[in-house]
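Trainee: Compute the structure for the input listed below.
(chains A and B)
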Amino acid sequence: DTEVTQTPKHLVMGMTNKKSLKCEQHMGHRAMYWYKQKAKKPPELMFVYSYEKLSINESVPSRFSPECPNSSLLNLHLHALQPEDSALYLCASSHDLTGTSYEQYFGPGTRLTVT
Amino acid sequence: GENVEQHPSTLSVQEGDSAVIKCTYSDSASNYFPWYKQELGKGPQLIIDIRSNVGEKKDQRIAVTLNKTAKHFSLHITETQPEDSAVYFCAASLGLYNFNKFYFGSGTKLNVKP
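Mentor: Presented below is the predicted three-dimensional model:
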């Protein structure tokens, strides 16, 4: 089973709201990723977690705050977003960052609209 | 950093024909090359990948070839079917030397006409 689940599927939020995106995997993977994807563009890496610790932050604005509470869960907390943050937010996971297994498995994404 | 270019941006083929999508990369240290298929409204799905120590890999109707010297790799789909219609992304990675960061190509929209 290579399933990564994400909730919610769709989210509409105002610029003053606080919301969270959730991602879950039960493959025993120890590396998890957040990507942002705009229409007709490839995914752009935002954050990488390895063994629940943040390994990469691709200079993402602080209005996006990631959290990895345990090895199966990854959250993305959103606050004071801008309309240009509207996009598909994808979560992915891979075995880990210390072995030789590089495959990343993506979830279905959360379609975020900021009004 | 690594730069991946992908061509063509759109590809239209008749059902049953073959489709080829090409990618080039710039960093000779890249050692892992996955291909993803993304259908409308869905997340990218890993369809095939290749490591730098392998020249070709096949899985039923899809195959990937890698030319390390020329720094390019290609996706080949034979006997295309309408359900192959999607956007395809190639990627290159330095693997664990760079936290498994993927550098994606710009995508190819494949349309298979019945």
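Trainee: got a pLDDT number for residue A:1?
Mentor: Residue-level confidence at residue A:1 comes out at 63, pLDDT.
Trainee: Kindly report the same for residue B:58.
Mentor: What the model reports for residue B:58 is a pLDDT of 97.
Trainee: so it bridges to which residues?
Mentor: Each beta-bridge partner of residue B:58 is listed here, defined by DSSP bridges: residue B:63.
Trainee: Spell out which parts of chain A neighbour chain B.
Mentor: For chain A, the residues in contact with chain B under the definition Cβ under 8 Å from any Cβ of the partner chain are A:2, A:4, A:6, A:31, A:40-43, A:45, A:48, A:50, A:55-56, A:90, A:94, A:97-100, A:102-109. Backbone N, C-alpha and C define where each C-beta goes, glycine included.
Trainee: If any of these are buried, put those into a PyMOL selection.
Mentor: Provided next is the PyMOL selection string for whichever of the residues of chain A next to chain B are buried by 16 or more other Cβ atoms under 10 Å in any protein chain shown:
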select buried, chain A and resi 4+6+31+42+43+45+48+50+56+90+94+97+102+104+105+106+107+108+109
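Trainee: Restricted to strands, list the residues of chain A next to chain B.
Mentor: With DSSP state E as the criterion, strands contain A:4, A:6, A:31, A:45, A:48, A:50, A:55, A:56, A:90, A:94, A:105, A:106 from among those.
Trainee: which one of those is nearest chain B?
Mentor: Chain B lies nearest to residue A:106 out of those, by Cβ to the nearest Cβ, at 4.0 Å.
Trainee: Over to the closest residue to that closest one other than its chain neighbours: give its phi and psi.
Mentor: Closest residue to residue A:106 apart from its sequence neighbours, by Cβ to Cβ, 6 or more residues apart in numbering or on different chains: residue B:43 at 4.0 Å. The phi and psi torsions at residue B:43 (degrees, to the nearest 10) take the values phi -80, psi 160.
Trainee: next one: residue B:84
Mentor: The phi/psi pair for residue B:84 (degrees, to the nearest 10) is phi -80, psi -10.
Trainee: Could you count how many residues lie near it?
Mentor: By the criterion of other Cβ atoms under 10 Å in any protein chain shown, residue B:84 has 19 neighbours.
Trainee: strands paired with whichever helix or strand residue B:11 is part of, and their directions?
Mentor: Using DSSP states H and E, the secondary-structure element containing residue B:11 is strand B:10-14. For strand B:10-14, the paired strands and their directions (DSSP bridges) are strand B:108-113 (parallel).
Trainee: Report the buried residues of the partner strand.
Mentor: Neighbour-count burial for strand B:108-113 flags B:108, B:110, B:112 (criterion: 16+ other Cβ under 10 Å).
Trainee: ditto for stretch A:9-16
Mentor: Judged by neighbour count (16+ other Cβ under 10 Å), stretch A:9-16 contains these buried residues: A:11, A:13.
Trainee: what is the rounded mean pLDDT of it?
Mentor: For stretch A:9-16, the mean pLDDT works out to 94.
Trainee: And stretch B:33-51, by the same measure?
Mentor: Per-region confidence: stretch B:33-51 scores 96 on mean pLDDT.
Trainee: That one: how far from the chain's middle?
Mentor: Between the centre of stretch B:33-51 and the centre of its chain there are 8 Å (Cα atoms, centre = their mean, to the nearest Å).
Trainee: For it, C-alpha coordinates in CSV please.
Mentor: Output in CSV follows, covering the C-alpha atoms of stretch B:33-51 (Å, rounded to 0.1, in the frame of the first residue of the first chain):
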residue,chain,number,x,y,z
PHE,B,33,15.1,10.0,-12.1
PRO,B,34,11.4,9.4,-11.5
TRP,B,35,8.5,10.0,-13.8
TYR,B,36,5.1,11.1,-12.5
LYS,B,37,1.6,11.0,-14.1
GLN,B,38,-0.9,13.6,-12.8
GLU,B,39,-4.5,13.4,-13.8
LEU,B,40,-6.8,16.4,-13.4
GLY,B,41,-7.7,17.0,-9.8
LYS,B,42,-5.3,14.4,-8.4
GLY,B,43,-1.8,14.2,-6.9
PRO,B,44,1.2,13.0,-9.0
GLN,B,45,1.5,9.2,-9.3
LEU,B,46,4.9,7.6,-9.6
ILE,B,47,4.8,5.5,-12.7
ILE,B,48,8.4,4.5,-13.3
ASP,B,49,11.9,5.5,-12.1
ILE,B,50,15.5,4.8,-12.9
ARG,B,51,18.8,5.0,-11.1
